[in-house]
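Trainee: give me a model of this one.
(chains A and B)
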Amino acid sequence: TQLLEQSPQFLSIQEGENLTVYCNSSSVFSSLQWYRQEPGEGPVLLVTVVTGGEVKKLKRLTFQFGDARKDSSLHITAAQPGDTGLYLCAGVMTTDSWGKLQFGAGTQVVVTP
Amino acid sequence: DSGVTQTPKHLITATGQRVTLRCSPRSGDLSVYWYQQSLDQGLQFLIQYYNGEERAKGNILERFSAQQFPDLHSELNLSSLELGDSALYFCASSLRPDSSGANVLTFGAGSRLTVL
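Mentor: The predicted model follows:
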């Protein structure tokens, strides 16, 4: 059972469309991170959010941390084929060591030209 | 290239055997982490080392062990292998063992273990 539930599991969209990936939990996290993983590679950190209600923008990507620090979302505006990949959310529970990240199962995003 | 080097990239072995996976952290990083990624379990934290000392332990089986050496490279030893141990094993490194400042976890490309 995953502590962090991601939805949807798979998302296929056309270039130029918007998409949102959700990451939910019943547990409180001291921080939450989003990673993107491509085939044959390790996850690459996109962003870290630490404050409840925090919103961070990275070009066309917008990340939000829920007020209660139990959930997060990733929104991509005008998706491009280069956005294709496995998106993983990962959090550190308030009682855990920082490196003990709890990962969601991931959302596979495919953006077609 | 993330700067974290893992060898071997691929490994095929038989049940009951023992293998060693090696990780060289990014230059300057003192903390090393091991994760297992399988299709049914996703990414699972195994163990963390900082400057040679074990820092945190996750869902690591007793058949598995790890250590970090004085030159900061780390090895993950998997013994009495079972079919279910087939997975991608990732090493990650960071400068510090905590979330202070701009501490970032950097992952290697992984070692794919297949147990037949």
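
Trainee: up against chain A, what does chain B have?
Mentor: For chain B, the residues in contact with chain A (C-beta under 8 Å from any C-beta of the partner chain) are B:2, B:4, B:31, B:33, B:35, B:42-45, B:48, B:55-56, B:58, B:90, B:92, B:94, B:97-99, B:103-110. Yep, even glycine has a C-beta here, placed from its N, CA and C like the rest.

Trainee: those in strands, which ones?
Mentor: Judged by DSSP state E, those include B:31, B:33, B:35, B:42-45, B:48, B:55-56, B:90, B:92, B:94, B:106-107 as members of strands.

Trainee: tell me which of those has the lowest pLDDT.
Mentor: By pLDDT, residue B:42 ranks lowest within those, coming in at 85.

Trainee: narrow the residues of chain B next to chain A to those that are buried.
Mentor: B:2, B:4, B:31, B:33, B:35, B:42-45, B:48, B:55-56, B:58, B:90, B:92, B:94, B:97, B:99, B:103-110 (16 or more other C-beta atoms under 10 Å in any protein chain shown).

Trainee: could you find the closest non-adjacent residue to the residue in chain A that chain B sits nearest to?
Mentor: Distances from chain A to chain B, computed as C-beta to the nearest C-beta, single out residue A:42 as the nearest residue at 3.0 Å. Using C-beta to C-beta, 6 or more residues apart in numbering or on different chains and skipping residues adjacent in sequence, the residue nearest residue A:42 is residue B:107, 3.0 Å away.

Trainee: I'd say that neighbour and residue B:1 touch.
Mentor: No - with contact defined as C-beta atoms under 8 Å, residue B:107 does not reach residue B:1; the gap is 11.8 Å.

Trainee: the nearest residue to residue B:89 once chain neighbours are set aside: how many residues sit nearby?
Mentor: Nearest residue to residue B:89 in three dimensions, chain neighbours excluded: residue B:111, at 4.8 Å (C-beta to C-beta, 6+ apart). Applying other C-beta atoms under 10 Å in any protein chain shown, we find 22 residues neighbouring residue B:111.

Trainee: got it, and residue A:58?
Mentor: Using other C-beta under 10 Å, residue A:58 is surrounded by 12 other residues.

Trainee: ok, now residue A:64?
Mentor: Number of residues near residue A:64 (other C-beta under 10 Å) recorded here: 18.

Trainee: now do residue B:62
Mentor: Residue B:62: 7 surrounding residues under other C-beta under 10 Å.

Trainee: so which helix or strand takes in it?
Mentor: Under DSSP states H and E, no helix or strand contains residue B:62.

Trainee: where's it relative to chain A, distance?
Mentor: In this view, residue B:62 and chain A are 19 Å apart by C-beta to the nearest C-beta, to the nearest Å.

Trainee: tell me the contacts of the residue sitting nearest the centre point of chain B?
Mentor: Central residue of chain B (C-alpha atoms, centre = their mean): residue B:34, 2.9 Å from the mean position. The contact partners of residue B:34, taken as C-beta atoms under 8 Å, 6 or more residues apart in numbering or on different chains, are B:23, B:45-48, B:60, B:66, B:74, B:76, B:89-92.

Trainee: what's the answer for residue B:107, then?
Mentor: Contacts of residue B:107 by C-beta under 8 Å, 6+ apart are A:42, A:43, A:44, B:2, B:4, B:35, B:90, B:91, B:92.

Trainee: mind putting the contacts of residue B:34 in TSV, distance to residue B:116 included?
Mentor: Below are the contacts of residue B:34 laid out as TSV (distance: C-beta to C-beta, whole Å):
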residue	distance to residue B:116
B:23	24
B:45	27
B:46	22
B:47	26
B:48	30
B:60	23
B:66	24
B:74	26
B:76	20
B:89	17
B:90	22
B:91	24
B:92	28
